[in-house]
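S.K.: I would like the atomic coordinates for the input below:
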Amino acid sequence: LISCDRAEPLVKKSKTGICHKAGTRYYDQTKHFKNFSSIEDCIKSGGRLFYIGAGTSGRLGIVDASECPPTFGVDNNLVIGLIAGGDSAIRKAVEFAEDSLELGWKNLLAHQINTNDVVIRIAASGSTPYVVGALKKCQEEGIITGCIVCNSNSAVSSFSDFPIEIIVGPEFVTGSTRMK
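M.R.: Got it, this is the predicted structure:
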């Protein structure tokens with residue numbers, strides 16, 4: 001989603017096929033043209049791209065972040081994936097970690113998040129407190145935010161400068177953290 005010297009390989013090869021480079025603008029096939037020049041400026045200023053999520057969504061961000069260096073030849077610290085519950089939650093669910101409004105921001109602070117960085121939330125529902133709280137705090141601090149979510153008008157979209165809502169309908173199984 002970015003086009004600059006450090007991250008140009010990320011634009012040349014789209015993993016999802018959703019966005020296409022068209023000059024300095026991008027076309028989201030599900031919606032309309034969006035100008036991501038502010039994200040480009042952040043990366044050119046030494047910023048990083050953070051994916052933040054909980055559960056499966058968080059794991060997908062971590063997978064994508066871990067594939068960027070070998071696939072696109074970028075630095076390991078350019079794209080960073082964070083998940084509610086920390087690294088142990090990659091392999092085993094950490095119950096209730098996603099329910100904290102403050103934990104996502106604390107996790108970003110551990111990486112010295114700053115206004116050169118960009119934070120993208122990957123979500124199914126778009127209501128997880130861990131990421132809603134993180135994105136809200138990012139906006140308060142002037143950090144650019146975005147989201148990829150499967151519900152329209154979600155809480156996470158309201159705290160995203162660049163929301164991408166891909167409406168696929170309700171999840172087949174919901175409430176997994178409360179199903180026992």
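
S.K.: residues making contact with stretch 102-112?
M.R.: The contact list for stretch 102-112, computed with C-beta atoms under 8 Å, 6 or more residues apart in numbering, reads 48, 50, 52, 80, 82, 84, 86, 97, 119, 130-131, 133-135, 137-138. The way it works is simple: take the backbone N, C-alpha and C, and place the C-beta from them, glycine included.

S.K.: could I have the buried ones of these as ChimeraX selection syntax?
M.R.: Command for ChimeraX that selects the buried part of those, burial taken from 16 or more other C-beta atoms under 10 Å:
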select :48,50,52,80,82,84,97,119,130,131,133,134,135,137,138
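
S.K.: among the contacts of stretch 102-112, which one lies nearest to I167?
M.R.: Closest approach to I167 among the contacts of stretch 102-112 (C-beta to C-beta): V131, at 18.8 Å.

S.K.: secondary structure element holding that closest one?
M.R.: helix 129-140 (DSSP states H and E).

S.K.: low pLDDT regions in this protein?
M.R.: Applying pLDDT under 70 to the chain flags residues 1-37, 169-180.

S.K.: and if we set it to 50?
M.R.: For the chain, the stretches flagged by pLDDT under 50 are 1-35.

S.K.: show me the residue sitting in the middle of it in space.
M.R.: Among the residues of the chain, the one closest to the centroid is I120, at 2.3 Å (C-alpha atoms, centre = their mean).

S.K.: for it, name its beta-bridge partners.
M.R.: As for beta bridges, I120 partners with Y51, G146 under DSSP bridges.

S.K.: excluding chain neighbours, what is closest to V149?
M.R.: Closest residue to V149 apart from its sequence neighbours, by C-beta to C-beta, 6 or more residues apart in numbering: G126 at 4.0 Å.

S.K.: same deal with S127?
M.R.: Using C-beta to C-beta, 6+ apart, the nearest residue to S127 is A155, at 4.9 Å.

S.K.: contact partners for the one you found?
M.R.: Taking C-beta under 8 Å, 6+ apart, one finds 126-127, 132 in contact with A155.

S.K.: again with V131
M.R.: Neighbours of V131 in contact, by C-beta under 8 Å, 6+ apart: 52-54, 84, 104, 121, 123, 156.

S.K.: cool, A89 as well?
M.R.: Applying C-beta under 8 Å, 6+ apart to A89 gives the contacts 58, 83, 97.
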